[in-house]
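# Predicted model follows, preceded by the sequence.
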Amino acid sequence: MNREDPVLDSKPPNDMLPYRLITGKDDANFCRRISEALALGYRLYGSPSCTFNGTDVIVAQAVVWPSVVKE
């Protein structure tokens with residue numbers, strides 16, 4: 001990461017938490033939610049997870065605010 005990136009020293013917008021686990025049905029809406037988090041400055045954290053509830057594939061992806069992750 002670039003240490004000059006202003007996101008590194010800031011807090012997430014709109015009183016959002018620095019760690020978020022985004023879950024939902026594996027569809028365009030879920031992908032949109034992840035894309036929105038990335039556009040705000042969150043970074044993916046770990047691998048996505050998925051399960052099948054008998055009807056739909058349910059997915060989960062953790063995202064973190066860069067200033068809380070030590071690399």
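Done, it's in. Just so it is clear, the structure is predicted and the values come from calculations on it, not from any experiment.

# so where's this structure shaky on pLDDT?
Counting by pLDDT under 70, the low-confidence segments of the chain come to 1-9, 71.

# which stretches of it form helices?
28-40 (DSSP state H).

# residue nearest the centroid of it?
Residue closest to the average C-alpha location in the chain (C-alpha atoms, centre = their mean): Val63, at 2.7 Å.

# Quick check: that one vs Tyr45, distance?
Relative to Tyr45, Val63 is positioned 6 Å away (C-beta to C-beta, to the nearest Å). Every residue, glycine included, has its C-beta placed from N, CA and C.

# Common neighbours of those two, please.
Taking C-beta atoms under 8 Å, 6 or more residues apart in numbering as the contact criterion, the common neighbours of Val63 and Tyr45 are Tyr19.

# Run through the bridge partners of Tyr45.
Applying DSSP bridges to Tyr45 gives these bridge partners: Ala62.

# again, but for the one 4 residues further on
Counting by DSSP bridges, Ser49 is bridged to Ala60.

# count of residues packed around it?
Counted by other C-beta atoms under 10 Å, the residues lying close to Ser49 total 12.

# What of Cys50?
Neighbour count of Cys50, defined by other C-beta under 10 Å: 11.

# dump the residue contacts of it.
Residues counted as contacts of Cys50 (C-beta under 8 Å, 6+ apart) are Asp26, Val57, Ile58, Val59, Ala60.

# Adding neighbour count and distance to Gly41, write those residues out as TSV.
Conversion of those to TSV gives the following (neighbours: other C-beta atoms under 10 Å; distance: C-beta to C-beta, whole Å):
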residue	neighbour count	distance to Gly41
Asp26	15	24
Val57	12	28
Ile58	15	26
Val59	18	22
Ala60	15	20
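
# What sits closest to the residue nearest to the centre of the chain if chain neighbours are left out?
Across the structure, with C-beta to C-beta, 6 or more residues apart in numbering as the measure, the residue nearest Val63 apart from its sequence neighbours is Tyr42 (4.0 Å).
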